[in-house]
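In: sequence and computational prediction follow.
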Amino acid sequence: MKTRHLDKIAINVHARRILLTILDENPVLEQILRESVSEVEAMRAIKEWILPRLKKNPAAEAFYLRKEHSHELFRQLNWEDFAAIRLLDYIGHAGEAYPDQNIHGELAVTNPIKMMWLAANRGIGGAKPDFFLDMLQLFRQLNGKLKPETPSREQVEEWMSHYPSGLEPKIAELREENRDRIIRIFIEKIDNGQIKNKRYFFEEGMTLAEKKQKMNEWWNERRFHLNFAVRSPEMLNELLDYSLDPDTMDILYAAEEKGIPFFVNPYYLSLLNVQTPGFAVGGDLAIRCYIIYSKQLVEEFGLIQAWEKEDKVHPGEPNAAGWILPSHNIHRRYPEVAIFIPDTVGRACGGLCSSCQRMYDFQTGRYNFNLERLKPQESWNQRLPKLLDYFRNDTQLRDILLTGGDALMSSNGSLQRILDEVYNMAIRKIEDNKTRPEHEKYAEIVRVRIGTRLPAYLPMRITPKLIEILTEFKKKASAIGIKQFVIQTHFESPMEITPETKKAVQLLLKAGWAVVNQLVFTAPASRRGHTAKLRKALNDIGILTYYTFTVKGFKENSANFTPNARAVQEELEEKYLGRLPEAGISELQNLMHTPENLPDNLKNLRKKNNIPFLATDRNILNLPGVGKSLTFRTIGITRYGRRILQFSHDRTRNHSPIIDKMGHVIVIESKSITEYLRQLENMGEKRDEYKGVFGYSMGETEPRMPMYEYPDYDFDVTKKMTHLELEEEE
């Protein structure tokens with residue numbers, strides 16, 4: 001009923017002018033729309049017009065009919081094929097309605113040809129300019145006016161040069177100035193009694209120089225940064241030298257009233273520019289958007305839903321993927337791996353990222369920054385081995401990811417206990433297998449991962465004692481057959497890679513743990529060349545790239561959201577620079593085996609193949625259903641120009657068999673591509689450098705790099721799945 005009402009609303013002058021441009025550039029389309037007596041007739045005529053174009057390329061026809069699809073076939077599609085398939089999909093899905101979680105589940109109806117027909121013949125239909133701009137570029141893609149242009153290496157490297165690394169001397173000097181300013185403010189607040197701390201205080205009679213010296217010593221301690229973390233908008237603005245504008249402060253005050261936590265440690269705050277010289281303008285935007293909350297997040301807080309449905313855990317009941325879990329401490333999506341979240345300070349982080357996937361948990365208070373209350377209770381030591389029995393008694397689990405929150409927020413003692421119990425569980429699983437017949441043996445633990453953002457947020461956490469714990473664990477775990485030890489971290493910007501970070505990563509690598517990165521492809525991180533530069537900066541210090549994630553969530557994350565079309569564009573137009581030739585792929589396999597040599601090995605491999613970085617990450621989206629994928633088609637578009645994507649699961653990896661019952665996953669994007677481009681312009685970007693983004697209406701998940709595959713066993717693992725419950729078909 002609401003849709004029929006919107007159909008009778010006139011389009012505005014701006015929309016009308018764009019429509020006239022579309023009709024002027026496409027006489028056949030204009031004739032079809034003007035002469036058709038209904039939108040149904042118009043759709044039939046457009047389909048007859050488009051289908052012969054598709055038949056020119058057998059790969060495109062097979063792709064459209066879903067007879068076959070793969071990343072190799074996807075690369076055979078030409079620019080016109082993309083447009084033809086999208087138009088045919090628009091027609092094939094016309095009139096369908098989908099719950100739009102960006103507007104709390106209201107139905108969004110897709111019928112672009114109807115909106116075009118109504119607009120062309122009656123000046124109505126309610127479609128907005130962003131809709132028509134998307135359609136304009138679609139028909140330009142079809143008629144050849146919008147052409148794909150793969151940027152040259154020189155162009156990509158020129159874009160990369162816009163983003164300095166935190167290791168550059170000029171940037172390091174800025175950070176020292178920021179640190180000195182923050183220290184000066186803390187000294188004043190300790191002196192006047194505004195800050196009182198039993199651990200961090202000045203002895204009576206200390207001179208200003210002595211206080212500064214003491215502060216500089218404290219700056220290298222993680223406890224100092226956690227104790228002095230910013231928890232209010234006023235303190236945030238003061239430590240940033242009152243550089244936040246009134247509109248931003250209004251949003252932050254509203255966030256405080258809503259109950260959104262603030263927690264930014266002084267070290268990370270020192271990475272933000274205050275007085276920004278020309279060479280660093282815009283360099284910190286990808287960091288800044290993690291600290292400064294958006295208006296949309298504030299409005300939605302309290303209404304936020306879990307994006308990944310399998311993260312909703314009800315003990316003893318199957319989650320969205322069908323896995324039965326014992327408690328909120330374990331999350332699971334895939335057969336081989338499960339996440340373990342301890343009841344320690346590891347449920348907190350070194351700071352709160354504005355687009356955190358667990359923001360819905362902060363609504364309930366289950367996650368918070370009351371570090372004292374988060375310390376483990378006496379019962380935790382008893383619960384820990386029982387929870388890990390879940391891994392021991394599962395047929396397929398071979399990979400445990402310790403995370404949170406942030407796994408390295410746990411104290412050394414807590415982390416030691418967790419790793420000891422993981423080791424004990426792994427031994428028991430091996431012993432249990434000795435009594436099982438051939439072909440009925442369970443998967444044994446072969447990979448242990450620690451999820452942490454502290455190398456970026458708080459590198460002071462990487463201490464000699466921590467390294468001792470990690471080194472000892474690897475030594476004894478390797479002896480029982482565990483082969484892969486991985487620190488899974490999250491750097492968002494090359495500006496986060498500082499001298500402190502480089503030192504921390506070197507220590508982790510020397511402990512024998514490979515370090516891999518997961519990037520969230522926020523709007524600032526999606527700027528031309530930014531992700532490419534991050535890959536290079538990470539490789540330079542020995543970090544491998546693992547995933548580049550599209551931003552998850554609905555309206556609360558819309559300010560940071562980057563359309564999936566841009567993820568595909570980045571993959572094909574920038575990341576291509578880091579792809580190894582087929583002959584070099586085999587060399588990747590050995591990179592994880594000797595983490596201590598990663599910086600030199602990455603340097604040599606890049607030099608040998610004359611590439612600036614290694615593109616070992618996959619651009620993907622964590623689906624709101626189950627799993628990760630970038631296999632999608634644009635099957636619809638709202639009257640606001642927000643695209644409706646139909647995702648398929650990534651069949652190149654194992655999933656819960658529930659995906660065979662789920663079918664496709666629908667995602668309605670949070671913003672139109674035109675809105676995204678306007679946002680980039682406000683960041684100083686040139687819109688013309690992104691114009692091809694409209695054409696990327698499909699994606700296909702990239703192959704997984706061989707070094708990230710699980711090692712083989714010398715026995716056959718049973719096909720049986722445990723802890724799984726699927727609804728029976730009626």
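Out: Received the coordinates, thanks.
In: list the contacts for the residue nearest to residue 377 when sequence neighbours are not counted?
Out: In space, residue 377 comes closest to residue 343 once its chain neighbours are excluded; the distance is 7.2 Å by Cβ to Cβ, 6 or more residues apart in numbering. From N, CA and C alone the C-beta is placed, and that goes for glycine too. Going by Cβ atoms under 8 Å, 6 or more residues apart in numbering, residue 343 touches 329, 376, 377, 380, 383.
In: just the buried ones from the residues you listed?
Out: Among the contacts of residue 343, the ones that count as buried by 16 or more other Cβ atoms under 10 Å are 329, 376, 380, 383.
In: surely residue 619 and residue 568 touch.
Out: Yes: contact status for residue 619 versus residue 568: in contact at 7.2 Å, counting by Cβ atoms under 8 Å.
In: the two: which is more packed in?
Out: residue 619 (25 against 22; other Cβ atoms under 10 Å).
In: can you name every helix or strand that the helix or strand containing that one contacts?
Out: Here residue 619 sits within strand 618-622, counting by DSSP states H and E. Applying 3 or more Cβ pairs under 8 Å, 6 or more residues apart in numbering; DSSP states H and E, one finds that strand 618-622 contacts strand 544-550, helix 564-573, strand 628-629.
In: which other residues reach the last one?
Out: When you say that, I think you mean strand 628-629. Residues contacting strand 628-629 (Cβ under 8 Å, 6+ apart): 547, 618, 620, 621, 622, 623, 647, 648, 649, 650, 665, 701.
In: got any residues that touch both of residue 619 and residue 568?
Out: Joint contacts of residue 619 and residue 568 (Cβ under 8 Å, 6+ apart) are 630, 699.
In: residue 634: what secondary structure?
Out: Following DSSP: H, G, I helix; E, B strand; the rest coil, residue 634 is assigned to strand.
In: next one, pLDDT for it please.
Out: You'll see residue 634 listed with a pLDDT of 98.
In: go on, residue 2?
Out: 54.
In: domains for this structure, by residue range?
Out: Annotated domains of the chain cover 2-148, 169-300, 309-616 [automatic domain parsing].
In: return the most buried member of those domains.
Out: Per residue and on average, the most neighbours among the domains of the chain fall to domain 309-616, with a mean of 20 (mean count of other Cβ atoms under 10 Å).
In: roughly how far does residue 712 sit from residue 722?
Out: The gap separating residue 712 from residue 722 is 21 Å, by Cβ to Cβ, to the nearest Å.
In: neighbour count winner among these two?
Out: residue 722 (15 against 8).
In: distance of the more buried one from residue 251?
Out: Taking Cβ to Cβ, one finds residue 722 at 47 Å from residue 251.
In: shouldn't residue 238 be in contact with residue 185?
Out: Yes: counting by Cβ under 8 Å, residue 238 touches residue 185, with 6.4 Å between them.
In: pLDDT of whatever helix or strand residue 388 lives in, averaged?
Out: Assigned by DSSP H and E, residue 388 belongs to helix 378-392. For helix 378-392, the mean per-residue pLDDT is 93.
In: which elements pack onto that helix?
Out: Partner elements for helix 378-392 (3+ Cβ pairs under 8 Å, 6+ apart): strand 337-340, helix 412-433.
In: now tabulate those in CSV and tack on mean pLDDT.
Out: What follows is those, written out as CSV (pLDDT from 0 to 100):
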stretch, mean pLDDT
strand 337-340, 96
helix 412-433, 97
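In: remind me which residues of this protein are low pLDDT?
Out: 1-4, 728-730 (pLDDT under 70).
In: tell me the SS of the residue of it positioned farthest from its centre?
Out: In the chain, counting by Cα atoms, centre = their mean, residue 205 sits farthest out from the average C-alpha position, at 50.2 Å. The three-state assignment at residue 205 reads coil, by three-state DSSP.
In: and the residue nearest to residue 93 when sequence neighbours are not counted, what does it touch?
Out: Distance criterion Cβ to Cβ, 6+ apart; nearest residue to residue 93, sequence neighbours excluded, is residue 635 at 4.4 Å. Residues in contact with residue 635 (Cβ under 8 Å, 6+ apart) are 89, 90, 92, 93, 96, 110, 644, 645, 646.
In: let's see that with 10 Å instead.
Out: Going by Cβ atoms under 10 Å, 6 or more residues apart in numbering, residue 635 touches 86, 88-94, 96, 98, 110, 643-646, 664, 666, 697.
In: so which of the contacts of residue 343 is the closest to residue 511?
Out: residue 376 (23.9 Å; Cβ to Cβ).
In: residue contacts, the residue lying closest to that closest one once chain neighbours are set aside?
Out: Nearest residue to residue 376, sequence neighbours excluded (Cβ to Cβ, 6+ apart): residue 344, at 4.8 Å. By Cβ under 10 Å, 6+ apart, the contact set of residue 344 is 374-377, 380, 384, 404-405, 407, 409-411, 413-415, 417-418.
In: hmm, try it at 8 Å
Out: Per Cβ under 8 Å, 6+ apart, neighbours of residue 344: 374, 375, 376, 380, 409, 410, 411, 414, 418.
In: look up how far residue 376 lies from the residue nearest to the fourth one when sequence neighbours are not counted.
Out: The spatial neighbour of residue 380 that comes closest, neighbours along the chain excluded (Cβ to Cβ, 6+ apart), is residue 343 at 4.9 Å. Using Cβ to Cβ, one obtains 6 Å as the distance from residue 343 to residue 376.
In: and the residue farthest from the centre of the chain, backbone torsions?
Out: phi 90, psi 0 (degrees, to the nearest 10).
In: quick check: it vs residue 158, distance?
Out: From residue 205 to residue 158 the distance is 57 Å (Cβ to Cβ).
In: can you check residue 280 too?
Out: In terms of Cβ to Cβ, residue 280 sits 17 Å off from residue 158.
In: same check, this time on residue 231
Out: Distance from residue 231 to residue 158, by Cβ to Cβ: 41 Å.
In: over to residue 514?
Out: 31 Å.
In: show me what contacts residue 528?
Out: Going by Cβ under 8 Å, 6+ apart, residue 528 touches 159, 574, 685, 689, 690.
In: go on, residue 451?
Out: 339, 401, 402, 403, 404, 406, 407, 488, 489.
In: any chance of the backbone angles for the second one?
Out: Phi and psi for residue 401, reported as degrees, to the nearest 10, are phi -110, psi 110.
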